[in-house]
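Enquirer: Any chance you can model this:
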Amino acid sequence: MEKIERTIIVDLLKRTDYGQKVNVKGWVRTRRGNKNVNFIALNDGSTINNVQIVVDVAKFSDETLKPITTGASLSVNGTLVQSMGKGQTVEIQADEILVYGTADVETYPLQKKGHTLEYLREIAHLRLRTNTFGAVFRVRHNMAMAIHTYFHERGYFYFHTPLITGSDCEGAGQMFQVTTKNLYNLKKDDAGKIDYSDDFFGKSVSLTVSGQLEGELAATSLGKIYTFGPTFRAENSNTPRHLAEFWMIEPEVAFNELEDNMTLAQDFIQYCVRWALEKCTDDIEFLAKMYDNDLIERLKFVVDNDFKRLTYTEGIEILKEAIKNGHKFEFPVDWGTDLQSEHERYLVEEYFKRPVILIDYPKEIKSFYMKQNDDGKTVRAMDVLFPKIGEIIGGSEREENYDKLAERAKAMGVPDKDIWWYLDTRRFGTVPHSGFGLGFERLMLFVTGMQNIRDVIPFPRTPNNCEF
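Expert: The predicted structure follows:
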């Protein structure tokens, strides 16, 4: 086969230098035609769009053409020509075809017929080759680039927090333990508790649920930081919105108070959505057509509208009024209860008809590190609520007063021995500071219009599922 420099299909489809000899490589989506001419749709993952290979059957042997079935991988040399076909501007008239790998029609599971997303989750190692998941994971890459670009251009430092930790940031206890101990022969102390003195770290450690506490250490020295990495929660929630392993983005900013935090959250998320609309147009249009006709309109809606800001107490009053007027919620609403997704979506989709930032939650339902308001009942927390998703961002102004923080941690059962280093930031040059956490997969759900969080991460980790 003649050596011609390969062109990536996303670039080839933009070319207009007709008559040039070109080479493309990729996987066969479909092959159709008759005894005179065949049409091969080839895709290399660089774009949702295929390039059409036009094959003059008389030029090729049966031996060459027979293995070209859906899923086979090819290298094609040919001439770039203007396409007369609908939906494409260029195509390739094939001169030479090399089959790298075949895909047996009887056993290759991704044939031309449509497949359910549930079925594709069972073959997650192959689902990446479908149009849907090609689109989703190109968007995922773009969202990661948008996040890094946003913070880098605004003077934030990307800070790597540990994945293995001795502290439970959220105090929820739903952590995966990390150990090198022989689980079949655990040494225990006189009280019957596991003795970790002979373990790798000499104490009980876990996978992190959040990089926030360490992020605060960095913010109180570097000024503005963000983390972006995997987090782990051993929460037995088998729902379309929960994963045991997911990615979190957590900016933390010294001297920012709650108002600054809300402004940052809105600006940041609008930037990411705008990036998706501008740089992932083909993939977003495909996902909208296939899964969610309102997707593009909803993305533009978030970019074009300021987020409504109100207190938790005001939100509760609105929800109670809705109940009084006949609206039915599955979960009860009362001051002091944590809002469920249905309550959050009512405020966003039906009442305000735009994204909402709820602030000043009851301290009893929030974490120990949140700054307490003067009323003694609420903390300077904020949740950003989105259509179809509910909460997409959770954050707060942090408690910078040493005594208040230590007292609150003690009341919530967080031992001093686990957070003495964190408390030190309040002993030495304490400052007001704020931050938030954005679950990357929640952002991905919103931007792609997919309905299940398992479909926006390559290999989902959920209760009773750790394949691949």
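
Enquirer: Can you tell me the element residue 74 falls in?
Expert: Residue 74 belongs to strand 73-82 when assigned by DSSP states H and E.

Enquirer: Okay, strands next: where are they in the stretch 351-468 of the chain?
Expert: Here the stretch 351-468 of the chain has its strands, by DSSP state E, counting those that start in this stretch, at 356-362, 378-386, 390-397, 433-439.

Enquirer: Can you tell me the strand partners of the third one and which way each runs?
Expert: Note on strand 390-397: by DSSP bridges, its sheet partners are strand 378-386 (antiparallel), strand 433-439 (antiparallel).

Enquirer: again with the first one
Expert: Strand 356-362 has these partner strands in its sheet, going by DSSP bridges: strand 308-311 (parallel), strand 378-386 (antiparallel).

Enquirer: My reading is that residue 229 lies in a helix. Confirm?
Expert: No. Looking at residue 229 with DSSP: H, G, I helix; E, B strand; the rest coil, it is strand, so not inside a helix.

Enquirer: Bridge partners for it, pull those for me.
Expert: Counting by DSSP bridges, residue 229 is bridged to residue 248.

Enquirer: ok now do it, which residues does it touch?
Expert: Neighbouring residues of residue 229 by C-beta atoms under 8 Å, 6 or more residues apart in numbering: 160, 161, 163, 211, 247, 248. To be clear about C-beta, it is placed using only N, CA and C from the backbone, and glycine gets the same treatment.

Enquirer: Skip the chain neighbours and tell me the closest residue to residue 322.
Expert: Spatial nearest neighbour of residue 322, excluding adjacent residues (C-beta to C-beta, 6 or more residues apart in numbering): residue 346 at 6.5 Å.

Enquirer: What's the separation between residue 392 and residue 141?
Expert: Counting by C-beta to C-beta, to the nearest Å, the gap from residue 392 to residue 141 is 20 Å.

Enquirer: same thing with residue 402?
Expert: For residue 402, the distance to residue 141 - C-beta to C-beta - is 43 Å.

Enquirer: same check, this time on residue 23
Expert: According to C-beta to C-beta, residue 23 stands 25 Å off from residue 141.

Enquirer: Could you check which of the two is surrounded by more residues?
Expert: Remark: of residue 23 and residue 141, residue 23 carries more neighbours, 19 against 10, as counted by other C-beta atoms under 10 Å.

Enquirer: Before we go further, that one is sitting in a helix, right?
Expert: No. Counting by three-state DSSP, residue 23 is located in no helix; its state is strand.

Enquirer: need the contact list for it.
Expert: Residue 23 makes contact with 4, 5, 6, 7, 75, 76, 77 under the criterion C-beta under 8 Å, 6+ apart.

Enquirer: now, among those, which is nearest to residue 37?
Expert: Closest to residue 37 out of the contacts of residue 23 is residue 76 (15.1 Å), distances taken as C-beta to C-beta.

Enquirer: Could you verify my assumption that that closest one touches residue 41?
Expert: No. Applying C-beta atoms under 8 Å as the test, residue 76 and residue 41 come out as separate, 11.9 Å apart.

Enquirer: Show me whatever sits in contact with both of those two.
Expert: Common contacts of residue 76 and residue 41, defined by C-beta under 8 Å, 6+ apart, comprise residue 53.

Enquirer: and these two? which has more neighbours close in?
Expert: Between residue 76 and residue 41, residue 76 has the larger neighbour count (other C-beta under 10 Å), namely 24 against 18.

Enquirer: For residue 282, give its distance to residue 261.
Expert: 35 Å.

Enquirer: Would you map the helices across the protein?
Expert: With DSSP state H as the criterion, the chain has helices at 9-12, 62-65, 117-122, 124-127, 131-153, 212-222, 258-279, 281-291, 295-304, 312-324, 341-345, 402-411, 416-427, 440-448.

Enquirer: how near is residue 79 to residue 358?
Expert: 60 Å.

Enquirer: Farthest from the middle of this protein: give me that residue.
Expert: residue 58 (48.8 Å; C-alpha atoms, centre = their mean).

Enquirer: need the contact list for it.
Expert: With contacts defined as C-beta under 8 Å, 6+ apart, residue 58 is in contact with residue 36.

Enquirer: Now render the strands of the stretch 351-468 of the chain as a markdown table, adding mean neighbour count and distance to residue 419.
Expert: Formatted as a markdown table, those follow (neighbours: other C-beta atoms under 10 Å; distance: least, C-beta to C-beta, whole Å):
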| stretch | mean neighbour count | distance to residue 419 |
| --- | --- | --- |
| strand 356-362 | 22 | 21 |
| strand 378-386 | 25 | 17 |
| strand 390-397 | 22 | 16 |
| strand 433-439 | 24 | 16 |
